[in-house]
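Engineer: from the sequence below, what's the structure:
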Amino acid sequence: MAATSSHAPFLAGLLLGASLIIAIGAQNAFVLRQGLLQRHRFSVALFCALSDAALIAAGVSGLGAAIGQHPRALAVVACAGALLLIWYGIQALRRAIHPRVLAADAHADTGTVWQVLATCAAFTWLNPHVYLDTVLLIGSLASAWPLLEPRMLFAVGAATASFIWFFSLSYGARLLAPLFRKPMAWRVLDVLIAIVMWSIAGKLLLSFLTR
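Structural biologist: Prediction:
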């Protein structure tokens with residue numbers, strides 16, 4: 001029983017992290033596309049996982065309570081994130097319209113690893129939902145374990161879920177590669193990405209205007 005009890009915070013964090021991260025969103029759509037293109041997969045997955053881990057650690061350490069007292073900061077991030085999502089949605093739609101950019105080969109995307117990571121960083125750090133999920137929600141739920149060790153295990157569990165998810169999404173995307181040898185599959189994917197980006201941007205702007 002003692003062993004089971006000691007693992008309870010880790011498992012709770014792992015399950016919570018998995019439930020929050022496994023959803024269609026701008027960041028996941030970007031990771032999926034890079035995985036299909038097989039370009040900078042490791043760097044993108046590692047960056048996303050480490051970013052989640054840093055935000056989770058900040059939330060568990062008490063930053064969540066501090067951010068919760070400054071809603072205007074989240075509103076500014078929401079507006080910046082919405083503009084980014086609108087722009088990337090337009091780019092995705094342009095890719096869907098022009099077949100010349102639909103091939104999943106080494107010439108499909110010419111961005112360097114730093115350019116790809118810069119885009120990934122924008123999707124990660126300019127998305128207020130990331131702060132709500134990792135810093136505020138996980139940070140507040142970590143208070144269920146007042147002692148330092150179980151609280152840290154909870155944070156490690158949540159961060160582990162991010163590592164598992166992003167690397168699985170990035171490298172597991174190759175299983176869909178046969179389907180995406182067809183230009184129409186890329187066209188459909190980019191249209192769906194555009195819809196996801198614009199719907200999230202609309203929700204962000206709506207939440208800001210109704211405050």
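
Engineer: hmm, residue 85 is touching residue 26, no?
Structural biologist: Yes: taking CB atoms under 8 Å as the definition, residue 85 is a contact partner of residue 26 at 5.7 Å. No exception for glycine: its C-beta is placed from N, CA and C like everyone else's.

Engineer: now the common contact residues for these two.
Structural biologist: 197, 200 (CB atoms under 8 Å, 6 or more residues apart in numbering).

Engineer: element containing residue 193?
Structural biologist: helix 183-209 (DSSP states H and E).

Engineer: now do that helix: distance to the chain's middle.
Structural biologist: With CA atoms, centre = their mean, to the nearest Å as the basis, helix 183-209 stands 14 Å off its chain's centre.

Engineer: kindly report the same for stretch 89-99.
Structural biologist: Distance, centroid of stretch 89-99 to centroid of chain: 21 Å (CA atoms, centre = their mean).

Engineer: which parts of it are buried?
Structural biologist: Using 16 or more other CB atoms under 10 Å as the test for burial, stretch 89-99 gives 89, 91-93, 95-96.

Engineer: any idea how far residue 60 is from residue 146?
Structural biologist: 12 Å (CB to CB, to the nearest Å).

Engineer: next: residue 97.
Structural biologist: 44 Å.

Engineer: what about residue 146 and residue 60, which has more around it?
Structural biologist: residue 60 (27 against 8; other CB atoms under 10 Å).

Engineer: what stretches of this structure score poorly on pLDDT?
Structural biologist: 1-6, 23-24, 63-78, 81, 99-110, 144, 204, 207-211 (pLDDT under 70).

Engineer: for it, which segments count as helices?
Structural biologist: Ranges of helices in the chain, per DSSP state H, are 2-21, 26-37, 41-58, 64-68, 71-97, 113-125, 128-130, 139-141, 148-172, 183-209.

Engineer: grab the most central residue of the chain for me.
Structural biologist: residue 27 (3.8 Å; CA atoms, centre = their mean).
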